[in-house]
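# what follows is a predicted protein model with its sequence.
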Amino acid sequence: MLLPLIFWTCVLLVLYAYAFYPALIWIVARWFGEHGVPPALPDGQCPSITILIAAYNEEAVLADRIDNALAMDYPPDRLHILIASDGSTDHTPHIVRRYAHRGVRLLDYPQRRGKATVLNTAMVHVNTDLVLLSDANTHIDRQAARHLVRWFGDPNVRAVCGRLVLTDPATGRNADSLYWKYENFMKQAEGRLGALLGANGAIYALRRRDYVPLPPQTIIDDFVIPLLGCLKAGGRIIYDEQARATEETALDVAGEFRRRSRIGAGGFQALVLLWKFLDPRRGWVAFTFFSHKVLRWLCPFFLLGMLFSNTLLWDQLHYGVLLASQAGFYLLSAVVNYLPRRVRFVKPLRLAPLFAGMNLALLLGFFRWLGGTQSAMWKRTLRPAELDRVISSGS
């Protein structure tokens with residue numbers, strides 16, 4: 001009786017994490033969530049805010065990023081830009097210095113120390129009440145800062161996360177996959193309950209006083225920073241889908257896999273830092289933390305449990321069919337990666353390799369975290385501009 005119990009428990013936990021929970025959080029958010037949005041603030045009431053970007057060897061995109069920040073629709077005397085270079089060996093510091101006459105400040109750290117340490121040090125140099133954290137390869141909508149700051153009139157708001165829109169590097173068109181839309185859908189529902197978990201590094205804002213220094217080896221800072229603020233002072237994290245930022249998708253599957261395995265290692269690391277959110281007395285936050293994060297990170301083990309127990313039960317007809325179905329799913333996942341992307345009927349099938357690859361990356365991330373082999377130093381993703389330069393120099 002033990003093997004069927006293991007098998008069906010694993011099946012139900014995977015289904016709950018990926019299907020039942022999203023439906024449940026949508027229903028709960030409609031019943032109990034807040035749906036109002038604060039009005040936009042006039043110029044005279046806009047608080048001062050600093051855009052803080054940690055950069056490592058970003059010469060290919062940094063000038064465009066600074067121009068984008070300077071072009072934001074926000075009172076110029078209340079918008080500050082601070083770039084912290086983490087041991088860059090290219091022209092990143094030189095590019096920032098070209099904008100000094102426009103008020104852009106540079107913190108040039110000669111030795112690379114990792115993003116967590118850079119952010120800890122840079123926060124000391126922030127002179128405004130609010131901080132907007134972003135990435136060097138992100139473009140923010142002109143109205144985004146206005147959308148973010150309007151929420152801080154509520155003293156219980158610790159951080160506000162904007163919406164990240166993914167674009168195709170070749171065409172510049174919206175490349176939001178079904179999975180990314182699914183994730184944003186859950187962020188919106190969790191935000192209405194005041195139970196949003198973390199943020200995305202492309203666009204989020206918080207009060208300077210709510211920043212808690214990160215442990216130096218922190219891997220996924222954008223997840224940990226807002227939640228540490230909530231542990232320190234209580235309150236909630238808001239999701240504002242009108243505060244938009246765009247970012248290009250990874251140029252290759254390998255780059256995306258590395259990113260997901262790094263997030264996986266960071267997720268298991270974060271459990272050690274943030275386990276107090278599992279306390280049921282934290283209400284909806286405990287519910288979303290367990291359902292959306294903990295169970296999701298454990299899904300690779302549930303999938304292995306399904307496969308292992310199903311293998312031992314294969315001599316029973318219905319379990320044999322289920323085992324063949326599992327094998328077929330993983331075979332499909334491997335084959336679909338080699339099919340042309342432009343073929344229309346292939347697009348729905350890409351959910352299979354996405355699901356399998358994501359869980360494989362999480363599993364790898366777990367062992368990297370367990371073995372202490374996942375470095376807190378982030379590895380840059382190759383930008384399209386750099387790829388074009390490499391191709392041109394090769395020709």
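The structure has been received and is ready for your questions.

# which stretch of helix or strand covers Tyr338?
Per DSSP states H and E, Tyr338 falls between elements, in no helix or strand.

# okay, it and Val124: tell me how far apart.
In this view, Tyr338 and Val124 are 50 Å apart by C-beta to C-beta, to the nearest Å. In short, each C-beta sits where N, CA and C put it, glycine included.

# for Trp314, same thing?
Between Trp314 and Val124 the computed distance is 61 Å (C-beta to C-beta).

# these two: which has the busier surroundings?
Trp314 (13 against 9; other C-beta atoms under 10 Å).

# doesn't Val321 make contact with the more buried one?
No. Under the criterion of C-beta atoms under 8 Å, Trp314 makes no contact with Val321, lying 9.7 Å away.

# which neighbours do these two have in common?
Among the neighbours of Trp314, none is also in contact with Val321 (C-beta atoms under 8 Å, 6 or more residues apart in numbering).

# output the lowest mean pLDDT helix or strand found in this protein.
helix 384-394 (a mean of 47; mean pLDDT, DSSP states H and E).

# leaving out the residues flanking it, which one is nearest to Phe257?
Ala361 (5.4 Å; C-beta to C-beta, 6 or more residues apart in numbering).

# so what's that neighbour up against?
Phe257, Arg260, Ser261, Ile263, Gly264.

# same thing with Thr311?
Contact analysis of Thr311 by C-beta under 8 Å, 6+ apart lists Leu323.

# mind checking which helix or strand it is in?
helix 295-312.

# Pro322 - how many residues pack around it?
Slight slip there: residue 322 is Leu, not Pro. 17.

# host element of the closest residue to Phe185 other than its chain neighbours?
Counting by C-beta to C-beta, 6+ apart, Pro22 is the residue found nearest to Phe185 once chain neighbours are left out, at 7.0 Å. Following DSSP H and E, one finds Pro22 within helix 21-32.

# show me what counts as buried in that helix.
Buried residues in helix 21-32, counted by 16 or more other C-beta atoms under 10 Å: Tyr21, Pro22, Ile25, Trp26, Val28, Ala29.

# my guess is the second one contacts Tyr182, does it?
Spelled out, it's Pro22. Yes. Using C-beta under 8 Å, Pro22 is in contact with Tyr182, at 6.9 Å.

# how many other residues sit next to the nearest residue to Pro39 once chain neighbours are set aside?
Spatial nearest neighbour of Pro39, excluding adjacent residues (C-beta to C-beta, 6+ apart): Arg150 at 6.9 Å. Residues contacting Arg150 under the criterion other C-beta under 10 Å number 22.

# and Arg150, that one's in a helix?
Yes. Arg150 forms part of a helix when assessed by DSSP: H, G, I helix; E, B strand; the rest coil.

# tell me the contacts of it?
Contacts of Arg150 by C-beta under 8 Å, 6+ apart are Val37, Pro38, Pro39, Ala40, Leu41.

# tell me the pLDDT of the last one.
So the one you mean is Leu41. pLDDT, Leu41: 93.

# now it: which helix or strand?
Taking DSSP H and E as the definition, Leu41 sits outside all helices and strands.

# that one against Val149, yeah?
Yes. At 6.5 Å, Leu41 counts as touching Val149 under the criterion of C-beta under 8 Å.

# the more surrounded of those two?
The neighbour count for Leu41 versus Val149, taken as other C-beta under 10 Å, is higher for Val149 (25 against 15).

# nearest residue to the more buried one in space, please, no chain neighbours.
Pro47 is the one closest to Val149 (C-beta to C-beta, 6+ apart), at 5.7 Å.

# and for Lys115?
Using C-beta to C-beta, 6+ apart, the nearest residue to Lys115 is Ala54, at 5.1 Å.

# state the three-state secondary structure for the residue nearest the centre of the chain.
Among the residues of the chain, the one closest to the centroid is Asn200, at 3.8 Å (C-alpha atoms, centre = their mean). At Asn200 the chain is in coil, as set by three-state DSSP.

# got the contact list for it?
Cys161, Gly162, Leu164, Asp222 are the contacts of Asn200 under C-beta under 8 Å, 6+ apart.

# neighbours around the last one, how many?
Translated: Asp222. 19.

# repeat for Ser291
19.
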